[in-house]
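*Asks:* fold the following and give me the result.
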Amino acid sequence: MSAPDATDAQLDAVAWDLTDLLDGAGSQDAATAVDAMLDESQRRADAFAEAHAGRIAELDGPGLVAAMQELGELQDLLGRAASYAVLSFSENTADPVRGALLQRMQEKGTAIETRLLFFDLEWAALPDERAAELLATDGLDFARHHLETARRYRPHLLSEPEEKVLAEKNLTGRSAWTRLFEEQASSITVDLGEGDAVSLEVALSRLFAPDREIRAHAAESVTRALQPGLRVRGYVLNTLTADKAVDDRLRHFPHWLSSRNLSNEASDESVQALIDAVRSRYEVPRRWYRLKAKLLGLDRLADYDRMASVTDADERFEWPEARAIVQESYSAFSSDLGELVERFFEERWIDAPVRPNKRGGAFCSYTVPSVHPYVLLNYTYKRRDVLTLAHELGHGVHSALGSRQGIFHMATPLTMAETASVFGETLVFGRLLEQAATPESRLALLAESIEGSIATVFRQIAMNRFEHLVHTNRREEGELSLERIGELWAESQEELLGDAVEVTPNYRSWWSYVPHFISTPGYVYAYAYGQLLALAVYGRYEEEGDAFVPAYLELLAAGGSRSPEELGKVVGVDLADPGFWDLGLALVDRQLEAAESAAREAGRL
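*Replies:* Presented below is the predicted three-dimensional model:
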C-alpha cells in the first residue's frame, strides 16, 4: 500500500484532546474544571445519601429506577473528572502538577465513594425475594445486570463503618503504592551506549532485531536500567501482596484469585480449568521456540531471542500507512466499525508518540458514556505497532458501542474485555498477510502471529503462575527478598519454556516493570481467556462470512449488560462447555503448523 512518508513531526501531532472530558472548559482551566466536577459530584452524593441512606429497603420499583438514574448521572460526572486526571497523568508521570491533580481526584473521589457505600451494602442486605421483585421492575434494563451481579458480593462485604475505613485508608495504601510504582516504572530510561538514554519501550523494541548482538546488548542494558529502583518496586510488591492477603482474610475469600474471579463473573473452578488447560499445552510454545532456534541458526534460544525477527527484513510502518491499514481492515469487515475507527483518528482520541515519562505500553480508556474512549500508544514504527493499534481500537469500538448501555453496563468483565481487541487485531493481521509478497514476508508475519498467541495465552498464564507463587509464598514465608521474587519469576518462566529457551540470570528482574501485578492483581489470565474466546469467535466469522457481522455488532453493543455466558451465545460460543478451552488451544496449534509450513515454503527448513 502506498502512503505518504511520516515525519517525526507528523507522529508527534497524533496527540489526544482531553478537553472533551471537561464539559467545555479550555485546557488552561483543566484543574479548575476537574475540581468543579468533583465538587458537584460531592454535592450530588451528599443529596443522594440524605435522601436514601437507611431507606433502600423502603424503595419500590419506580423508586429504584429513579435512584439508579441519579447514581448513573453522578458516576458519569465523577468518571469524567477521574478520566481526565488519569489520562493527563499518563502523558507525563513526572509532572508534579499532574500528579497533584491525580492525587486530589483520588482523595475527593474516595470521599464521594465512601458517602455512597451505603447503597451497595443496603442493596446486598435485601432478602432475595424482595430483590427479585424489584429487579423485575419495568424500565430497569440500564442497571438490572449491574444490580444482580452486585448481590454476589454479599458474603464478602463488611459493615458500613468498616467499609468506609477501608475505602479512606486506600488512599494512603494500595492507591499510593500503585502510583509510586507507576512513576518509577515510567521514569526508567535505558542507556544503550548511543548517546542519550532511551525509554524502556524503545529499548525493549530492540529485542525484535534480527542481529543477536543487538538483542543481547539491549537485554543487558534493560537489566542494568531496572536495578536502581528494583528494591523499591520489590517492596511495593511485598506490601501490596500483604495488603491483599489482609483484605482477602477480612472478606472471607478462600483463595488469592477468588476476588478477581468474582469481578470477572467467573467461577474459581472455570478459571482453574483454563489455567490447567493452558499449562498442559506448554509444549506448543516450546515447539515453536525449537523451530525458531533453527530459523535463527542457534542451538537454543536465550530469553532475549524469543521475539527476534526470523527474517532480515525489518519493515518500517510510517504512521499514515498504519492508519490506512487498520482503518481499511475495519471498514472491510463493517462500514459502521470503519466509520467509528475514523473518528478516533480525526477527532483526536489517540495519543501515539513515545515521550519521556509517558506511561509505557498501550491501553484504551473507556472513560464514560457521555464522552468517548481514548487510546494511548507508544508507536515505534514496527509491524507489531500496527497490530497494537488495531488491538486498542478494538477496545475502542467495543467501548463506543457498549457505551449505549449506559454507565452501569458499558464495560464487560475482564474475561470478555479482550474479545473485540483480539478480533480487530486478527482482521488486520489477515490484511497484512494478503499484502505479503514473498514467502519470507509471509513467514515473518506468521511468526508474529504465533508469537502473539504465545504471548497472550501461554505467557500470560505463566505470569498468572508467577502471581500465584508470589501471593501464596508471601502468605506462607513473610516478606520476600528480591532474590526470592527473582527465583519465583524464573520458576514460572522455566516451566513455560522448558528446555527450549534458556532463562538467563539477567531476566530475573524483568517482572519489575509489569504494572498489572501491582495495580490489578490476578488480571493477566483474562488475556488468555479473551484470546481463546476471540479465536473461537473469529472462527465463527470464517465459517459464516458477512452473515456473522450483525451478531458480532450485537455482541459489542451489548457491553456488559449480560453475563459472559449469555454474551457468548450471541455469537454462537458456549463458554460453559469444558471443551471450549481445548478448542481455542487447538486453533493456536494450527497457527504453529501454518508457521512451520511457511518456513518450509521459504526454504528455511
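*Asks:* can we go C-alpha only for contacts and neighbour counts from here?
*Replies:* Will do.
*Asks:* where does the chain have low pLDDT?
*Replies:* 1-7, 24-28, 313-314 (pLDDT under 70).
*Asks:* hmm, who's touching whichever strand or helix holds residue 235?
*Replies:* In this structure, residue 235 sits in helix 230-250 according to DSSP states H and E. For helix 230-250, the external contacting residues (C-alpha atoms under 8 Å, 6 or more residues apart in numbering) are 158, 174, 177-178, 181, 184, 254-256, 259, 470-471, 474-475, 479-482, 485, 509, 512, 517-518.
*Asks:* buried subset of those residues, written for PyMOL?
*Replies:* Burial among those is assessed by 16 or more other C-alpha atoms under 10 Å; the matching PyMOL selection reads:
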select buried, resi 174+177+178+181+184+256+259+470+471+474+475+479+480+482+485+509+512+517+518
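*Asks:* how far does the helix holding residue 235 sit from the chain's center?
*Replies:* 21 Å (C-alpha atoms, centre = their mean, to the nearest Å).
*Asks:* quick check on residue 199: phi, psi?
*Replies:* Phi and psi for residue 199, reported as degrees, to the nearest 10, are phi -70, psi 160.
*Asks:* for it, which residues count as its bridge partners?
*Replies:* Beta-bridge pairing of residue 199 under DSSP bridges involves residue 189.
*Asks:* could we number from 34 for the rest of this?
*Replies:* New numbering, starting at 34: the last item is residue 232.
*Asks:* surely it touches residue 222?
*Replies:* Yes. Here residue 232 reaches residue 222: they are 4.7 Å apart, a contact under C-alpha atoms under 8 Å.
*Asks:* re earlier: buried stuff in the helix holding residue 268?
*Replies:* By 16+ other C-alpha under 10 Å, the buried positions in helix 263-283 come out as 263, 266-275, 277-278, 280-281.
*Asks:* against which helices or strands is the helix or strand following it packed?
*Replies:* Scanning forward in sequence from helix 263-283 by DSSP H and E, the next helix or strand is helix 291-296. When contacts are defined as 3 or more C-alpha pairs under 8 Å, 6 or more residues apart in numbering; DSSP states H and E, helix 291-296 sits against helix 301-312.
*Asks:* show residues contacting the helix it packs on.
*Replies:* 290-291, 294, 490-491, 494-495, 529, 558, 562, 611, 614-615, 618.
*Asks:* make it 10 Å
*Replies:* Defining contact as C-alpha atoms under 10 Å, 6 or more residues apart in numbering, one finds that helix 301-312 is touched by 287-288, 290-295, 297, 300, 313, 317, 448, 490-495, 497-498, 528-529, 558-559, 561-562, 565, 608-615, 617-618.
*Asks:* that helix: how far from the chain's middle?
*Replies:* Distance of helix 301-312 from the chain centroid (C-alpha atoms, centre = their mean) equals 20 Å.
*Asks:* give the buried residues for that helix.
*Replies:* Applying 16+ other C-alpha under 10 Å to helix 301-312 flags 301, 304, 307-308, 310-312 as buried.
*Asks:* quick check: beta-bridge partners of the most centrally placed residue in the chain?
*Replies:* The centre of the chain sits closest to residue 396, judged by C-alpha atoms, centre = their mean, with a distance of 6.5 Å. Counting by DSSP bridges, residue 396 forms beta bridges with residue 409.
*Asks:* which of the buried residues of helix 263-283 lies closest to residue 324?
*Replies:* Nearest to residue 324 among those is residue 263, at 34.4 Å by C-alpha to C-alpha.
*Asks:* show me the contacts for residue 452.
*Replies:* 424, 427-428, 431, 445, 560, 562-571, 588-589.
*Asks:* can you report phi and psi for the closest residue in space to residue 124 that isn't next to it in sequence?
*Replies:* Closest residue in space to residue 124, ignoring its immediate chain neighbours: residue 391 at 4.8 Å, by C-alpha to C-alpha, 6 or more residues apart in numbering. Main-chain torsions, residue 391, degrees, to the nearest 10: phi -70, psi 150.
*Asks:* touching, residue 391 and residue 217? I think so.
*Replies:* No. Shown here, residue 391 and residue 217 do not form a contact pair, counting by C-alpha atoms under 10 Å, at 11.4 Å.
*Asks:* what's the overlap in contacts for those two?
*Replies:* Jointly contacting residue 391 and residue 217 under the rule C-alpha under 10 Å, 6+ apart are 126-127.
*Asks:* ok so, going back, anything in contact with each of residue 232 and residue 222?
*Replies:* Both residue 232 and residue 222 are contacted by 255, 389-390, under the criterion C-alpha under 10 Å, 6+ apart.
*Asks:* please enumerate the helices of the stretch 384-533 of the chain.
*Replies:* Shown for the stretch 384-533 of the chain, the helices assigned by DSSP state H, counting those that start in this stretch span residues 416-435, 447-450, 452-468, 472-486, 493-510, 515-530.
*Asks:* point out the most buried one among those.
*Replies:* When you average the neighbours per residue for each of the helices of the stretch 384-533 of the chain (mean count of other C-alpha atoms under 10 Å), helix 416-435 leads with a mean of 25.
*Asks:* now that helix and helix 472-486, what's the angle there?
*Replies:* Per axes from the mean of the first three to the mean of the last three C-alpha atoms, to 10 degrees, the angle that helix 416-435 makes with helix 472-486 is 50 degrees.
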